[in-house]
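A.B. asks: What follows is a predicted structure for the sequence shown.
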Amino acid sequence: MANSSPRSDLRTNWAVLSYYQRFEGIVALVLTFVIGLIILVALFRLSFGVVTGLLLGALDPLDHGAFQTVFGETLTLLIALEFNHTLQYVVKGEQSIIQTKVVLLIALLAIARKLIVVDLRDVDAAQLLALAAVTLALGITYWLMRERDDRRDRPSAS
């Protein structure tokens, strides 16, 4: 069974890669580790905060503000995990650039997070309209790209 870790894939293909592909792979690998560390620290802080808050009674899970904070931090971790997962394609050499559809999905997750954590009492109508417009634009763009890929992947009827 071949070792398929990202580091070994990069090392195996190193001789045939161009200088830019090597640079891209190294940057993606470093970013993977940096984002991984950020994820671990954020996960520890979130877990510690939730557990101690629940045990000490300082965190009321039914409080809307506490729920928004915890859920917002959880979504932030999921966004970071998805971003890190996307970098793995570059590190493994499966793709040389980040796929636009994945970036659109991450952006949609970030907008969803923003909509969840926003306090509607502090936001005016123009800001909500802007968030709605960005969400609609990202959703339509993702849908168009998915439709294009679906048409391309369908076998042509001859």
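C.D. replies: Arrived safely, thanks for sending.
A.B. asks: Give me the buried positions along whichever strand or helix holds residue 91.
C.D. replies: In this assignment (DSSP states H and E), residue 91 forms part of helix 64-92. Neighbour counts using 16 or more other Cβ atoms under 10 Å place 69-70, 73-77, 79-80, 83-84, 86-87, 89-92 of helix 64-92 among the buried residues. C-betas here are computed from N, CA, C, even on glycine.
A.B. asks: residues near residue 122, how many?
C.D. replies: The number of residues packed near residue 122 is 7, by other Cβ atoms under 10 Å.
A.B. asks: same deal with residue 58?
C.D. replies: Residue 58 has 10 neighbouring residues, counting by other Cβ under 10 Å.
A.B. asks: now the longest helix seen in the chain: mean pLDDT?
C.D. replies: If you go by DSSP state H, the chain has its longest helix at helix 19-56. Regarding helix 19-56, the rounded mean pLDDT is 87.
A.B. asks: and if you look at stretch 142-153?
C.D. replies: Average pLDDT, stretch 142-153: 84.
A.B. asks: What is the longest helix of the chain packed up against?
C.D. replies: For helix 19-56, the packing partners by 3 or more Cβ pairs under 8 Å, 6 or more residues apart in numbering; DSSP states H and E come out as helix 6-13, helix 64-92.
A.B. asks: Spatially nearest residue to residue 149 (excluding sequence neighbours)?
C.D. replies: Spatial nearest neighbour of residue 149, chain neighbours left out: residue 101 (7.5 Å); criterion: Cβ to Cβ, 6 or more residues apart in numbering.
A.B. asks: Once you drop chain neighbours, what's closest to residue 61?
C.D. replies: residue 67 (6.6 Å).
A.B. asks: Can you check what pLDDT the model gives that neighbour?
C.D. replies: You'll see residue 67 listed with a pLDDT of 79.
A.B. asks: give me the number of residues near residue 133?
C.D. replies: Using other Cβ under 10 Å, residue 133 is surrounded by 10 other residues.
A.B. asks: buried sites along the helix or strand harbouring it?
C.D. replies: Following DSSP H and E, one finds residue 133 within helix 125-153. For helix 125-153, burial by neighbour count (16+ other Cβ under 10 Å) applies to 135, 138, 142.
A.B. asks: Please name the residues that touch the first one.
C.D. replies: To tie it back to what came earlier, the one meant is residue 135. Residues near residue 135 by Cβ atoms under 8 Å, 6 or more residues apart in numbering: 108, 111, 115.
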